[in-house]
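1. this one's sequence-less:
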């Protein structure tokens, strides 16, 4: 039960996880693509911004350089830096400068660190590399100064006058804003992605629940069927016409039919019981009635001739015989009741008491009787019940052999079962009798009551055992009784 | 009625033949002004307050009875050229161009502003407030900002200072440039584009009040002797009646309420009358500089000509 449920719940979890994984995969891939495209877009924007700014300075720079008008050069840088001031008062301009072809400062936004007319202050290798690269520019372009929040992009526009190189405008823009922008959009996309994933998993859970709920109900139903609780199975709600709906309705139909079948079987069993009871009653009536008629005759005759001693002497044994027969029939019928009351347990060697009874039944006939008791003394048995089963079977075998033959009794333990085997090499049971072997009052013997095997059957059944018969006409008969160890002593 | 038609006709003709020149001086014809009176302004005043200048020109127009317009030019040279060519009649210039020899002379002294009780001002040598430099000699090999090549306080005085030690600007400083505005010279020093600069004391004090954040980044390391305050001049060829009228208006500003308001805006006490000898100090300084560095002066003059021809 638990195992099945876990399996189902894991199925529902698998469904949800699969859908979540698919949604997450799609969402994250899309998100990553958008973020990348976004970054590229922002990067291009930054590039064109840096070039635009550098251009705006370079337009007037040529004349100012030729006139040695450093103040105007500085002012154009300053104006450019102010121009970029956006709504957040952040233009991202780290620095800007105008240098001559040799790298001497003509104007710089940080004049303190980069004095006019002096070679550009090169604080590190990156600056040297950038300057060397910048000096090679003959057309506007951009340079990368590392990534990260301290990284920057440099727009470089060479200043040319009549094809003579006068210098370069370098405008350095921070990646910080770009990164912040990209981070913002990445956060939005991440949020959307997570929302999609959550939605996807909820959807997955709903779908898997929708799929597995009828399955769980069906499993529980099947388990109930297994336990035989046919009447308790609730019909599974059928919602759709899809495969699950068809399965559910098929299951409902099956459960309903099984329940009907079971109640039918119960009805049949009840009527069979009634039939058996009727048969028993009829048998009892018939069996008791037969001797009763003779007895009545005898008593009538004795009444008519009360003084005839010869008659008394002749009829008394007949009366005795008839009454004994009635007594034996009643005893046989009551035997089950008696055995039910018997609780005494004993070890298995107590079975050996039966040998003498059987020997006396053989009574000098040429019958070989083989007795094999392989049960250990540790096996405890209900003496009265098991003795009754073995005795009845052995008596049948001995009676079936008439004058000569072999009767074998074997008992042994086979796993959790105690096996009782009685076999003979008699004439066997004709096929037409086989179905009535265990019916009460069914007998082929002159003086039989027809209750011996019926009693065996009832005893074995009461101990939840199994009785098997193998018989061949002319080849003998074998009865094998298997009794569960746990019941054999009760 | 007829006169009105004639005026219209003249206006149409003037428009057709392009006679109307906004830069030319005002003319009086039959008592009517056909063109505005042009008043040249230079770096001697702070020109960034447009509304104030518009109101002042309106005041002058109302007083004189004719429209007065301020003609603003970047350099003294340009304003002097406008005077020379007769396209303006009045100008507020510097003492240095005033004392320069011209043949024939085309300007006459109209009025000298009174600043802090006297018609005098100084040249300030300024450095950044954090600068270690204490005297102009400390600025050797550094960057220096001048205002105008014809400015007394912004160019002649520092040149004189060095010339008296036998030094030229080119050799003393690594790099120099002209800002054509005292305010921008202060800015250049405050921004540390220049290590030092020479400015008009009046402008420095004026901006100290108006733009303290800028000026407090600078420090005065040298104050020149007193010189004649930048004068207002008139073109010699201008209508004498108009010149007299303008002189009276300027002199009368300190006596009327509205005029006082403009004077207060300019941080001046008034426009007064001073003899041309007031500027002898500048004249002597120029002569001494020339004498000390005759060769440098010639070269300098040539360079100035290039710079002035910039616009």
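-> Sure, I can see it. Note that the coordinates shown come from a computational prediction; the quantities given were computed from them, not determined experimentally. Residues are numbered from 1 along each chain as shown, chains lettered A, B, ... in the order given.
2. what's the span of stretch B:164-173, first residue to last?
-> In terms of C-alpha to C-alpha, to the nearest Å, the two terminal residues of stretch B:164-173 are separated by 16 Å.
3. ok, now stretch B:265-277?
-> Terminal residues of stretch B:265-277 lie 28 Å apart, using C-alpha to C-alpha.
4. now do the residue nearest to residue A:404 when sequence neighbours are not counted against residue B:109, distance only.
-> Distances taken as C-beta to C-beta, 6 or more residues apart in numbering or on different chains put residue A:366 closest to residue A:404, at 4.2 Å, once the chain neighbours are dropped. In short, each C-beta sits where N, CA and C put it, glycine included. The spacing between residue A:366 and residue B:109, counted by C-beta to C-beta, to the nearest Å, is 178 Å.
5. more neighbours, these two?
-> Neighbours were counted for residue A:366 and for residue B:109 using other C-beta atoms under 10 Å in any protein chain shown; residue B:109 has more, 18 against 9.
6. quick one: contacts for the more buried one?
-> When the contact criterion is C-beta atoms under 8 Å, 6 or more residues apart in numbering or on different chains, the partners of residue B:109 are B:98, B:231, B:233, B:274, B:276.
7. now the nearest residue to the fourth one once chain neighbours are set aside: phi and psi?
-> The reference is to residue B:274. Once flanking residues are discounted, residue B:274 sits nearest to residue B:112: 4.1 Å by C-beta to C-beta, 6+ apart. Main-chain dihedrals, residue B:112, degrees, to the nearest 10: phi -120, psi 120.
8. if residue B:112 is in a bridge, with which residues?
-> For residue B:112, the residues forming beta bridges with it (DSSP bridges) are residue B:272.
9. enumerate every residue touching it.
-> Taking C-beta under 8 Å, 6+ apart, we find residue B:112 in contact with B:119, B:228, B:229, B:231, B:232, B:271, B:272, B:273, B:274, B:278.
10. in strands, which of those residues fall?
-> Secondary structure from DSSP state E places B:228, B:232, B:271, B:272 of those in strands.
11. between those residues, which is nearest residue A:243?
-> Using C-beta to C-beta, residue B:232 is the member of the ones in strands among the contacts of residue B:112 that sits closest to residue A:243, with 104.5 Å.
12. contacting residues around residue 110?
-> Picking chain A for this. Listed by C-beta under 8 Å, 6+ apart, the contact partners of residue A:110 are residue A:95.
13. hm, I was asking about chain B
-> For residue B:110, the residues meeting the contact criterion (C-beta under 8 Å, 6+ apart) are B:90, B:231, B:232, B:233, B:234, B:243, B:246, B:247, B:250.
14. and the fifth one, that one's in a strand?
-> Spelled out, that is residue B:234. Yes: membership of residue B:234 in a strand is supported by DSSP: H, G, I helix; E, B strand; the rest coil.
15. surely it meets residue B:245?
-> No: proximity of residue B:234 to residue B:245 does not meet the contact threshold set by C-beta atoms under 8 Å, at 10.6 Å.
16. so the two - more neighbours on which side?
-> When residue B:234 is set against residue B:245 and neighbours are counted by other C-beta under 10 Å, the residue ahead is residue B:234, at 25 against 16.
17. with residue B:92 as the reference, measure out to that one.
-> In this view, residue B:234 and residue B:92 are 11 Å apart by C-beta to C-beta.
18. give me the helices and strands touching the helix or strand harbouring residue A:56, please.
-> Under the criterion of DSSP states H and E, residue A:56 resides in helix A:2-66. Of the remaining helices and strands, those touching helix A:2-66 by 3 or more C-beta pairs under 8 Å, 6 or more residues apart in numbering or on different chains; DSSP states H and E are helix A:70-83, strand A:93-99, strand A:141-144, strand A:152-161, strand A:164-174, helix A:176-227.
19. pLDDT of it, averaged?
-> Confidence for helix A:2-66, expressed as mean pLDDT, is 82.
20. so how far is it off the chain centroid?
-> Going by C-alpha atoms, centre = their mean, to the nearest Å, the spacing between the C-alpha centre of helix A:2-66 and its chain's C-alpha centre is 42 Å.
21. please apply the same query to stretch A:139-158.
-> Centre-to-centre, stretch A:139-158 and its host chain are 63 Å apart (C-alpha atoms, centre = their mean).
22. show me which residues of chain A are close to chain B?
-> By the criterion of C-beta under 8 Å from any C-beta of the partner chain, the positions of chain A lying close to chain B are A:67-71, A:74-75, A:78, A:107, A:111-112, A:115-118.
23. narrow these to those that are buried.
-> A:67-71, A:74-75, A:78, A:107, A:111, A:115-117 (16 or more other C-beta atoms under 10 Å in any protein chain shown).
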